[in-house]
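Peer 1: Pasting the sequence and the predicted coordinates here, then a few questions.
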Protein chains: 2
Amino acid sequence: MSPSVKVPAPRLNIDNINQHVVAAQYAVRGELAVKSELYRAKLLAGDKDLPFDEVISANIGNPQQLDQKPITFIRQVASLLENPELLKHEDVLLNSLGYKTDVLERAKWLLSQCQSVGAYSASAGVPAIKQSIAKFLERRDGFPADPAHIYLSGGASSGVNTLLHIICASPNSGVLVPIPQYPLYTASLAVLNAACVPYYLDEARSWGTDVSAITAAYEKSKAEGIDTRAIVIINPGNPTGASLPEEDIRAVIEFARKENLVIIADEVYQTNVFIGEFLSFKAVLRRMQSETPGAYDHVELASLHSISKGMVGECGHRGGYFELAGFDPLVEAEIYKFVSITLCAPVVGQCIVELMVNPPRPGEPSYELYNQEYTSIFEGLKARATALHAAFSSMEGVECGEPQGSMYIFPTITLPPAAIAAAAAEGRSADEFYCMRLLEQTGICVVPGSGFGQKEGTLHFRTTFLAPGTEWVSRITAFHAKFMDKYRSA
Amino acid sequence: MSPSVKVPAPRLNIDNINQHVVAAQYAVRGELAVKSELYRAKLLAGDKDLPFDEVISANIGNPQQLDQKPITFIRQVASLLENPELLKHEDVLLNSLGYKTDVLERAKWLLSQCQSVGAYSASAGVPAIKQSIAKFLERRDGFPADPAHIYLSGGASSGVNTLLHIICASPNSGVLVPIPQYPLYTASLAVLNAACVPYYLDEARSWGTDVSAITAAYEKSKAEGIDTRAIVIINPGNPTGASLPEEDIRAVIEFARKENLVIIADEVYQTNVFIGEFLSFKAVLRRMQSETPGAYDHVELASLHSISKGMVGECGHRGGYFELAGFDPLVEAEIYKFVSITLCAPVVGQCIVELMVNPPRPGEPSYELYNQEYTSIFEGLKARATALHAAFSSMEGVECGEPQGSMYIFPTITLPPAAIAAAAAEGRSADEFYCMRLLEQTGICVVPGSGFGQKEGTLHFRTTFLAPGTEWVSRITAFHAKFMDKYRSA
């Protein structure tokens, strides 16, 4: 040992670590988000020099960080799951604390099924919870569902990670991804060193899914020698909010059948729908299968859902599931092995999945409050989306379709050449430059369109409509007017 | 559209999916575990034909699935985190439900820091929880710790996944892994298509870490052209239970310094220690750094901890963290980005990490019960380990060192040639054959040594000592005697 010798540099540096991780981009929690957290910390520490007194995190669909209250039924059950000793005091729960009998019954049943929320469950999830999900899918879709093909996951993100790990076999494996998209897909494909095959959504048609655009992207990838094997559909859309009509879903399934592509249907916003109604890929696939027996039997569909969105909004609990249809049993066995390496999804999150898919029904003691809370969250989101849309529509150079669903609005912005030049001088894209100034001057954090992908020459930003009140919306309007004045006259 | 054409096979099959996933092995939840779950379901359904009336899952360190009760303080706080409305009824909590004032205070403080356990936290975890962890590390190690280098994770598994994703840059990247080991490491390296560089622990020296074995493995990998860049140490050991003395830790750090290797210290069993005492790699590294200033400054250490093990045993909550020391800031930025793609670790799990590292102290209202529960779990584990060790020691052909810690015993078994031949005839390794017969005849599920790795020509199995009572131990003894009789005389 000669500790006085020259100390080497650390073994790991930015050039020798996994370059696929280095290549991944994830703007939702990037530079803007980090800066907004610094502002928040400054304000908490009593800073008075910032031109705002509150940071609004409109960059991420995180309902309970903002105004959305958890649903009482869910949290009452969860409190009993965490402390089953409380069930020894039924009269206190019922008479002093306002718990209803169905809350107690549900907690007892879930505990009987998972033993303890502190125990690992089976790798793919608590069997009884998978059964509840299957029953929910049957009610929702009108077709049977089999719990054996349901896998609980730590939020939908973890499910996407599993599916892409299985699908992507080499740098040549391609996955069709909508643009704009939630950047989990591009980031995961980058980490896996697989090919992202982008297809553009049609902004002119309310961000609809256009099979001719998908076909063009697919053919281009084929010509480049890419083995494109799956297509991602985010329905309702993130960041766009668009909900697909049945004919569009049919067209995608038909395309997937023809080209033999796995469909990954990210349906986490299925209850956040303001215009039209949500229709699942599974329901439409089963309809097509029953209409033309045999023709669609081998279409592989993975559909994902989550407790993080909708009126439930329990992001922090990391719960979700995916259902598989048409997968080869040997491939499913590999999926099972892959999820078992991470042991199991968080068990409280699994239980909240159960509460989401099997909520109190009319006539049950907790129903009235549940329904009131659920409806009020839904109406609140819709009202905020409408107010935000009205504000954007009044802004110079901003175009924004009517809000359709999800938790986001994704307006187009047209900026003066001087703003674009100023952005370039700062080494930024123009949309990022705009969002950075917005954050610095108003404390409002949104995500530039380039974080999701956008057509060459267009600019957008994504904002959630989760923050309460309208004051923050007027901060945006005032900022925008000043920004435009500055660069228009420059 | 011509749906009457020939229906193709599914796009994904066992030969065209990600072969690195196919190559991964994870015996802890493999065939034996699946079979044990089938037996459990049969028994639940009233089956009377099995030769046992209870399945004992001794294959996985899952304390609360067996006899270990959750710690009251932790679950009381968690119940309030789940339902903060309960905090409006302080007198009911205190006077009717037995909650103490420190439970209420801790819950209020955690809620003030994370806003809601249903909200995503910052990507690396709730800042105040990182501060609590840093204070714990300072108390434990006697050296400062910086919350900026602490990352909350969904159990330690998720932390290992993050670290290996960063470290493994190509199929040529190697990681030294102890054999026997917890198969998370080999499975993750297989999925990442990186090189596992195995080094053997020294069974004759209570499964100690032998630097000459590490050196030999490292030199061999170098000769094969492998770029070995990290070494995994599981301390206390899994499956072996061995706790490293300071001189062994120093020797590993010295080796890592000399060869410029990243140290991954998996310290999830740090409170499960019966012989000797736990000493962290971080404490020893800081000692060496202060003894020889400058010489060890660039040793990169990642140390992991978890709420799943120890007296806490909250596996289902998926909580843990890792701390980095000596990492390049640009590399840390990539680690931050990687964890942010999965959004955040489960927030209740993060809060339970806080409760684990910052438990009630003497004089505080919850201390007495906490201490009583903690001590009783510890003593119970030790007593069971001792009983199991005594039983194994009495069995023909079984050798088993004194239980040192963790939750496992890993005896060597010597089987008659006829048993080895019977195993081969069934296409199984002899240890797997033995464990399969044990499960079929007794309902006790253990893991064959081949699931963790063992020296050529040796056989082992791993059993937890979590199951209550001694009746199941005598089932093993009786099975073993019969098994030996059958094959000895064959």
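Peer 2: Great, that's in hand.
Peer 1: Pretty sure A:Gln64 sits against B:Leu111.
Peer 2: No - applying C-beta atoms under 8 Å, one finds A:Gln64 not in contact with B:Leu111, separated by 11.3 Å. In this view, the C-beta of every residue, glycine as well, is placed from N, C-alpha and C.
Peer 1: between the two, who's got more neighbours?
Peer 2: Taking other C-beta atoms under 10 Å in any protein chain shown, A:Gln64 and B:Leu111 do not tie; A:Gln64 has more neighbours (24 against 17).
Peer 1: Setting aside sequence neighbours, what's the nearest residue to A:Phe322?
Peer 2: Distance criterion C-beta to C-beta, 6 or more residues apart in numbering or on different chains; nearest residue to A:Phe322, sequence neighbours excluded, is A:Gly159 at 4.1 Å.
Peer 1: Three-state assignment for that neighbour, please.
Peer 2: Following DSSP: H, G, I helix; E, B strand; the rest coil, A:Gly159 is assigned to helix.
Peer 1: mind checking pLDDT for it?
Peer 2: pLDDT for A:Gly159: 96.
Peer 1: so it touches A:Arg318, yeah?
Peer 2: No - the criterion here is C-beta under 8 Å, and A:Gly159 misses it with A:Arg318 at 11.1 Å.
Peer 1: the more surrounded of these two?
Peer 2: For the pair A:Gly159 and A:Arg318, the greater number of neighbours falls to A:Arg318 (32 against 27), based on other C-beta under 10 Å.
Peer 1: residues touching that one, list them.
Peer 2: Contact partners of A:Arg318, counting by C-beta atoms under 8 Å, 6 or more residues apart in numbering or on different chains, are A:154-155, A:158, A:308, A:345-346, A:349, B:154, B:318, B:343-346.
Peer 1: next one: phi and psi at it?
Peer 2: Backbone torsions for A:Arg318, taken as degrees, to the nearest 10, come to phi 50, psi 70.
Peer 1: list the contacts for A:Pro464?
Peer 2: If you look again at residue A:464, you'll see it is Thr, not Pro. Taking C-beta under 8 Å, 6+ apart, we find A:Thr464 in contact with A:58-62, A:66, A:407-408.
Peer 1: who does whichever strand or helix holds A:Ser474 touch, helix- and strand-wise?
Peer 2: Assigned by DSSP states H and E, A:Ser474 belongs to helix A:471-488. With contacts defined as 3 or more C-beta pairs under 8 Å, 6 or more residues apart in numbering or on different chains; DSSP states H and E, helix A:471-488 has these neighbours: helix A:367-393, helix A:417-425, helix A:430-442, strand A:444-445.
Peer 1: List the beta-bridge partners for A:Ala195.
Peer 2: Beta-bridge partners for A:Ala195, by DSSP bridges, are A:Gly174.
Peer 1: Number of residues surrounding it?
Peer 2: Neighbour count of A:Ala195, defined by other C-beta under 10 Å: 21.
Peer 1: repeat for the one 10 residues further on
Peer 2: When neighbours are defined as other C-beta under 10 Å, A:Arg205 has 12 of them.
Peer 1: Tell me the pLDDT of it.
Peer 2: The model reports A:Arg205 with a pLDDT of 81.
Peer 1: A:Thr470 and chain B, how far apart?
Peer 2: Using C-beta to the nearest C-beta, to the nearest Å, one obtains 22 Å as the distance from A:Thr470 to chain B.
Peer 1: Contact partners for that residue?
Peer 2: A:387, A:391.
Peer 1: what's the helix or strand for the closest residue to chain B within the stretch 151-300 of chain A?
Peer 2: In the stretch 151-300 of chain A, no residue comes nearer to chain B than A:Ala295, which is 3.3 Å away by C-beta to the nearest C-beta. Under the criterion of DSSP H and E, A:Ala295 resides outside all helices and strands.
Peer 1: so how many other residues sit close to it?
Peer 2: Residues near A:Ala295, counting by other C-beta under 10 Å, number 18.
Peer 1: my read: it touches A:Arg257, true?
Peer 2: Yes - using C-beta under 8 Å, A:Ala295 is in contact with A:Arg257, at 7.1 Å.
Peer 1: Ramachandran coordinates for A:Val117?
Peer 2: phi -70, psi -10.
Peer 1: Can you read off the pLDDT for it?
Peer 2: A:Val117 is given a pLDDT of 96.
Peer 1: what residues are up against it?
Peer 2: Counting by C-beta under 8 Å, 6+ apart, A:Val117 touches A:81-82, A:111, A:347-348, A:351, B:316-317.
Peer 1: Try it again at 6 Å.
Peer 2: For A:Val117, the contact set (C-beta atoms under 6 Å, 6 or more residues apart in numbering or on different chains) comprises A:81, A:347-348, B:316.
Peer 1: which non-adjacent residue is nearest it?
Peer 2: That would be A:Val347: by C-beta to C-beta, 6+ apart, it lies 4.5 Å from A:Val117.
Peer 1: Is A:Ser306 bridged to anything, and to what?
Peer 2: Beta bridges link A:Ser306 to A:Gly320, judged by DSSP bridges.
Peer 1: Surely A:Trp304 forms part of a strand?
Peer 2: No Trp there; residue A:304 is Leu. Yes - the assignment for A:Leu304 by three-state DSSP puts it in a strand.
Peer 1: Am I right that it is in contact with A:Ser157?
Peer 2: No - look at A:Leu304 against A:Ser157 with C-beta atoms under 6 Å: they stay out of range, at 9.2 Å.
Peer 1: can you list the residues of the stretch 51-200 of chain A near chain B?
Peer 2: Residues of the stretch 51-200 of chain A lying close to chain B by C-beta under 6 Å from any C-beta of the partner chain are A:62, A:64-65, A:70, A:75-76, A:78-79, A:82-83, A:89, A:92, A:96-97, A:115-120, A:123, A:157, A:165-166, A:168-169, A:187.
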